[in-house]
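Asker: Give the three-dimensional model of this entry:
(chains A and B)
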There are 2 protein chains.
Amino acid sequence: MKFCFELIKKEANTQARLGLLRTLHGVVKTPVFMPVGTQATVKSLTPEDLKDIAVEIILANTYHLYLRPGAEIIRELSGLHRFMNWDLPLLTDSGGFQIYSLGELSKVSEGGLTFKSPFDGSEHFLSPEEVMKIQENLGADIIMTLDECTSYPATYDHTLNSLELTTRWAGRCKQVKSREDQALFGIIQGGMFPELRRKSAEQIVGIGFDGYGIGGLSVGETKSMMWEMVECTLPFLPEEQPRYLMGLGKPEDLVEAISRGIDMFDCVLPTRNARNGSLFTSEGKVVIKNSNYARDRGPLDPNCNCYTCRNYTRAYLRHLFLAQEILSARLNTIHNLYYYINLIDQVREAIEENRLLQFQKEFREARKA
Amino acid sequence: MKFCFELIKKEANTQARLGLLRTLHGVVKTPVFMPVGTQATVKSLTPEDLKDIAVEIILANTYHLYLRPGAEIIRELSGLHRFMNWDLPLLTDSGGFQIYSLGELSKVSEGGLTFKSPFDGSEHFLSPEEVMKIQENLGADIIMTLDECTSYPATYDHTLNSLELTTRWAGRCKQVKSREDQALFGIIQGGMFPELRRKSAEQIVGIGFDGYGIGGLSVGETKSMMWEMVECTLPFLPEEQPRYLMGLGKPEDLVEAISRGIDMFDCVLPTRNARNGSLFTSEGKVVIKNSNYARDRGPLDPNCNCYTCRNYTRAYLRHLFLAQEILSARLNTIHNLYYYINLIDQVREAIEENRLLQFQKEFREARKA
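Answerer: Here you go, the predicted model:
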């Protein structure tokens, strides 16, 4: 079965949409939040835990899996789905952002990206062609083109050159892609220049992909700048295809982005914060180590129906965190991911009923209270 | 409901027995292996995971829970069962062995044990009475008397004095015990002197408890010395009550001890080894980080039916271990505990059918192969 995106509904008062991503491994309702399983595992959770939370798609990081255990090994072991025992849809990124994040350990040339492994200092070179090969070996349902994440701040000229390199790489990626069962998404760059965002969108859409990622945001710019860039990019993306805002974000950012027309998200925030004992609740952030929870027999979030909130007290969660118990990471991760997934469920319902503006207002107010 | 032990069967050719521990939180088939949940959690697992493996009783460490979060807090939170969401039987040790293991940070007097907290250096004093209070606050189904673990090696005189102190402490524990819903086990000491093992057994049994722990073993003596001490103690314990060999051990030790008449065990070995990547299988020990597993698509143990073996390859388990993923600890712990629980199941079946000697022989040979 070939990938397709089905646009089901546009909300009456915003740009928000409902859709379905159809893949070989199942259907994903959009808008969707994709938990991050960097090293072929969403840290501390089994696939069953994820399914209990109603997670429909997860992301794995090509960069990490390329370095360890290696994409060839995963191919030999029948691909990433089988390797990690996840039979629902999977997306892999291109690794470009992780390599960009290495800073001085990485170098960009027309051919591709050169970088040193932080594990052993060994030198690696990844061309767009090689990145496609790796992602085909991994075998995710959705794969991404290699892009250059433009640094911030950057001049107009630098940004222009950078987005055009990203365009050439995107073309090379599309050219060598060989697996029919994988969808390929292009990535829009263009830094903080509306004109260049438009140029990048036109070029990438001109090549033609199964969906579009918006990259190069959340790299240090202000929130209003970020929204401006999202807003000036979206009109140049085809309505009938999915739009993926890469690496975002906080709960309130997701709601904002959805109202502007974004369909897909990924972020380490819920899982990483969980391990650090920082928990999202209907009543605001809970820092579980705080001493006022020492004797608190209430659930983490009285309005939450997740496994953690149904079975454990704040006092126990605090104890596990302070005792540095592994179960702390797990119970907290279950809760934070449930919070995200449940939030998006509610947003979808609000879109269905054309009351997203009202939902946004209530959501903002509840978090201020 | 009051605790009772029901002796169901004695094996024809060995001293092995089958029994039932009846407690307020359910029935436990003996012989039984009790996984260790030191800090009110069997590291990395939920209660549901433990029940999936058919764990019927777990042990928690009084010493650790006394220091963090504190027994008073656990009492306020309705006791250890509710605190950790475990509704099956629980046993707490007395903390004596952990304090003994502190070495120079601890001191014994007639009144009790003085020690410094390794967390903050604060000084603590635990009398037998205080230890009973703590264990009543925790509320496990089976609690243990405070004993002095005789150091090894020790002179006859030192051992004699030490076992008599343990006897006096046992009497004080029994005297102050107030909860009817908890069973209290006495602990036999006596070092490596058969005569003193007998003396300790007679004294402790003379006071009268719901069951008996054999303590002070596996402290540095040879294996044959240990078995000698077990063998010279058991004849002085009442047949109608459960016998608990504390802190043991390796799979082969469990089988040996059961054939001599032991009913209960606890040990960190399966859980600790799991986290270190050392795994028990029907084909011997597997050190999962070994490079020969890098492309191994087989299960950890082809003869095992645990969740880990049903769903994951050795290659994936190796990857998780090398990547220091939390899921590694969890999948490995599930497997190792399943191995122990399943082994004891098989031993019980062999006892039922009076073929324990044959089972022992086959078990030894399979592990040599």
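Asker: per-residue confidence for the residue sitting nearest the centre point of chain A?
Answerer: Taking C-alpha atoms, centre = their mean, the centroid of chain A lies closest to A:Asp266, which sits 1.5 Å from it. Looking at A:Asp266, its pLDDT stands at 98.
Asker: That one and B:Cys306, how far apart?
Answerer: Distance of A:Asp266 to B:Cys306, given as C-beta to C-beta, to the nearest Å: 32 Å. C-beta: built from backbone N, CA, C; applies to glycine.
Asker: can you check A:Glu349 too?
Answerer: Taken as C-beta to C-beta, the span from A:Glu349 to B:Cys306 is 39 Å.
Asker: what's the answer for A:Lys250, then?
Answerer: A:Lys250 is 39 Å from B:Cys306, by C-beta to C-beta.
Asker: The residue nearest to A:Thr167 when sequence neighbours are not counted: which element?
Answerer: Closest residue in space to A:Thr167, ignoring its immediate chain neighbours: A:Gln203 at 4.3 Å, by C-beta to C-beta, 6 or more residues apart in numbering or on different chains. Following DSSP states H and E, the helix or strand that holds A:Gln203 is helix A:194-207.
Asker: just checking, what packs against that helix?
Answerer: With contacts defined as 3 or more C-beta pairs under 8 Å, 6 or more residues apart in numbering or on different chains; DSSP states H and E, helix A:194-207 has these neighbours: helix A:156-176, strand A:183-188, strand A:211-214, helix A:223-233.
Asker: TSV for these, including mean neighbour count?
Answerer: Putting those into TSV (neighbours: other C-beta atoms under 10 Å in any protein chain shown) gives the following:
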stretch	mean neighbour count
helix A:156-176	19
strand A:183-188	28
strand A:211-214	25
helix A:223-233	17
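Asker: Generate JSON lines for the ones you listed, with mean pLDDT and distance to B:Pro89 as supplementary columns.
Answerer: Shown next, in JSON lines, are these (pLDDT from 0 to 100; distance: least, C-beta to C-beta, whole Å):
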{"stretch": "helix A:156-176", "mean pLDDT": "98", "distance to B:Pro89": "59"}
{"stretch": "strand A:183-188", "mean pLDDT": "98", "distance to B:Pro89": "52"}
{"stretch": "strand A:211-214", "mean pLDDT": "98", "distance to B:Pro89": "53"}
{"stretch": "helix A:223-233", "mean pLDDT": "98", "distance to B:Pro89": "54"}
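Asker: Residue numbers of the stretch 251-369 of chain A in contact with chain B?
Answerer: In this structure, the stretch 251-369 of chain A approaches chain B at residues A:294-295, A:297, A:311-313, A:315-316, A:318-320, A:322-323, A:325-327, A:329-331, judged by C-beta under 8 Å from any C-beta of the partner chain.
Asker: Among those, the buried ones, what's the PyMOL command?
Answerer: Provided next is the PyMOL selection string for whichever of those are buried by 16 or more other C-beta atoms under 10 Å in any protein chain shown:
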select buried, chain A and resi 294+295+312+313+315+316+318+319+320+322+323+325+326+327+329+330+331
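Asker: So which of the residues of the stretch 251-369 of chain A next to chain B are in helices?
Answerer: Of these, the ones assigned to helices by DSSP state H are A:311, A:315-316, A:318-320, A:322, A:326-327, A:329-331.
Asker: Break chain A into its domains for me.
Answerer: A:4-267, A:274-363 (automatic domain parsing).
Asker: confidence score at the residue nearest to A:Thr167?
Answerer: Reported pLDDT for A:Gln203: 98.
Asker: Do I have it right that it meets A:Leu165?
Answerer: No: when contacts are counted by C-beta atoms under 8 Å, A:Gln203 is not listed as touching A:Leu165 (11.0 Å).
Asker: residue boundaries of the helices in the stretch 51-200 of chain A?
Answerer: For the stretch 51-200 of chain A, the helices defined by DSSP state H, counting those that start in this stretch cover A:62-67, A:71-76, A:80-84, A:96-100, A:128-138, A:156-176, A:194-207.
Asker: Write out the residues of the stretch 1-150 of chain A neighbouring chain B.
Answerer: Residues of the stretch 1-150 of chain A lying near chain B (C-beta under 8 Å from any C-beta): A:39-41, A:43-46, A:68-69, A:73, A:76-78, A:83-85.
Asker: Throw together a ChimeraX command that grabs the buried residues out of the residues you listed.
Answerer: Remark: buried members of the residues of the stretch 1-150 of chain A next to chain B, expressed as a ChimeraX selection using 16+ other C-beta under 10 Å:
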select /A:39,40,41,43,44,45,46,69,73,77,83,84,85
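Asker: sorry, back to before: in terms of packing, which of A:Lys250 and B:Cys306 has more residues around it?
Answerer: With neighbours defined as other C-beta atoms under 10 Å in any protein chain shown, A:Lys250 and B:Cys306 compare such that B:Cys306 has more, 21 against 15.
Asker: and the more buried one, what does it touch?
Answerer: B:53, B:334-335, B:338-339, B:342 (C-beta atoms under 8 Å, 6 or more residues apart in numbering or on different chains).
Asker: Please work out how many residues are found near A:Pro285.
Answerer: Just so we're on the same page, residue A:285 is Lys rather than Pro. 10.
Asker: And the residue sitting furthest away from the middle of chain A, how close does it get to B:Glu130?
Answerer: Taking C-alpha atoms, centre = their mean, the residue of chain A most remote from its mean C-alpha position is A:Arg295, at 36.5 Å. Distance, A:Arg295 to B:Glu130, by C-beta to C-beta: 21 Å.
Asker: With A:Gly190 instead?
Answerer: In terms of C-beta to C-beta, A:Gly190 sits 69 Å off from B:Glu130.
Asker: if you count what's nearby, which of these two comes out ahead?
Answerer: With other C-beta under 10 Å as the criterion, A:Gly190 and B:Glu130 differ in neighbour count, and A:Gly190 comes out ahead with 28 against 19.
Asker: Might one say that that one is in contact with A:Gln203?
Answerer: No: A:Gly190 is beyond contact range of A:Gln203, at 9.5 Å (criterion: C-beta under 8 Å).
Asker: Show me the common contact partners of those two, please.
Answerer: With C-beta under 8 Å, 6+ apart, A:Gly190 and A:Gln203 have common neighbours A:Leu163.
Asker: on that earlier part again, can I get the ones in helices among the residues of the stretch 251-369 of chain A next to chain B in CSV including distance to A:Lys177 and pLDDT?
Answerer: As requested, these are exported to CSV (distance: C-beta to C-beta, whole Å; pLDDT from 0 to 100):
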residue, distance to A:Lys177, pLDDT
A:Asn311, 46, 98
A:Ala315, 53, 98
A:Tyr316, 49, 98
A:Arg318, 49, 98
A:His319, 50, 98
A:Leu320, 45, 98
A:Leu322, 49, 98
A:Ile326, 40, 98
A:Leu327, 42, 98
A:Ala329, 37, 98
A:Arg330, 37, 98
A:Leu331, 41, 98
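Asker: Would you format these as CSV with distance to A:Thr159 included?
Answerer: CSV is the format used below for those (distance: C-beta to C-beta, whole Å):
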residue, distance to A:Thr159
A:Asn311, 50
A:Ala315, 52
A:Tyr316, 50
A:Arg318, 47
A:His319, 50
A:Leu320, 46
A:Leu322, 47
A:Ile326, 44
A:Leu327, 46
A:Ala329, 39
A:Arg330, 42
A:Leu331, 44
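Asker: What is the nearest of these to B:Arg172?
Answerer: Set against B:Arg172, the nearest of these by C-beta to C-beta is A:His319 (29.9 Å).
Asker: Could you check the pLDDT of the closest residue to that closest one other than its chain neighbours?
Answerer: Nearest-residue entry for A:His319: B:Pro69, 4.6 Å, with adjacent residues in sequence omitted and distances by C-beta to C-beta, 6+ apart. With respect to pLDDT, B:Pro69 scores 98.
Asker: Having no further points to raise, I will conclude here.
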